[in-house]
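Peer 1: I need the structure of the sequence given here:
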Amino acid sequence: MGDIKKKIARSLLAGVLIGFGCIVYVLVENHVLGCFLFSLGLLTVILQGAMLYTGRVGYADTWPLVKDLVPVILLNFVGIWLTCFLFSRYSGLNLDTSALMAAKMNETWYQALVKSIG
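Peer 2: Have a look, this model is predicted:
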C-alpha cells in the first residue's frame, strides 16, 4: 500500500512541477529564456524522482508496465491542472494564453512539425 501512495505522490509531483514550468514559460517574454526555465522544471522532475508519463512511456514494453502508465498520465494531468488553476485563480498573475494559442493554431501542420523537432 505504501508503494501505491508513493507512486501517486510522485505522479502528482511531476504534474505540479511541469505546471510550474508551463506558468513560467507563459509569463516570460523572452522565448529562449522561457524554454530554458521550462527545461529546469524537467530537470527538477528528474532530480526529485517524480513519475512523468513522457519519461516512462519509452520503457513500457510489457502489458503490466503499460497498465501502470494510465494512473501516471491521469495524475500528471491532475497536478498540472491544479497548479495552473490555483495560480490563475489566486496569484493575480495574467496567465492569458489566447495570443499564444491563436499563433499556434494558425501554423500549418508542417510548420508545427518542424518547430517541434527543434
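Peer 1: For the protein, give me the ranges with low pLDDT.
Peer 2: For the chain, applying pLDDT under 70 flags the ranges 1, 118.
Peer 1: so where do the helices sit in it?
Peer 2: Ranges of helices in the chain, per DSSP state H, are 2-27, 31-48, 53-56, 63-90, 98-105, 109-117.
Peer 1: And residue 27, how far from residue 92?
Peer 2: Between residue 27 and residue 92 the distance is 12 Å, computed by C-beta to C-beta, to the nearest Å. Every C-beta, even on glycine, is put in place using the N, C-alpha and C of the backbone.
Peer 1: Neighbour count for those two, which is higher?
Peer 2: residue 27 (14 against 7; other C-beta atoms under 10 Å).
Peer 1: circling back to that earlier point, single out the most deeply packed of the helices of the chain.
Peer 2: helix 2-27 (a mean of 18; mean count of other C-beta atoms under 10 Å).
Peer 1: which residue sits closest to the residue most central in space within the chain in space, ignoring its chain neighbours?
Peer 2: The structure's the chain has its C-alpha centroid closest to residue 18; by C-alpha atoms, centre = their mean the separation is 3.6 Å. The shortest distance from residue 18 to any non-neighbouring residue, by C-beta to C-beta, 6 or more residues apart in numbering, is to residue 80 (5.5 Å).
Peer 1: That neighbour touches residue 15, doesn't it?
Peer 2: Yes: contact criterion C-beta atoms under 8 Å: residue 80 and residue 15 qualify, at 4.5 Å.
Peer 1: before we move on, back to that, what are the neighbouring residues in contact with the residue nearest to residue 18?
Peer 2: Residues near residue 80 by C-beta atoms under 8 Å, 6 or more residues apart in numbering: 15, 16, 18, 19, 22.
Peer 1: Reformat those as a markdown table; add distance to residue 116.
Peer 2: Output for the contacts of residue 80, formatted as a markdown table (distance: C-beta to C-beta, whole Å):
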| residue | distance to residue 116 |
| --- | --- |
| 15 | 21 |
| 16 | 24 |
| 18 | 17 |
| 19 | 21 |
| 22 | 16 |
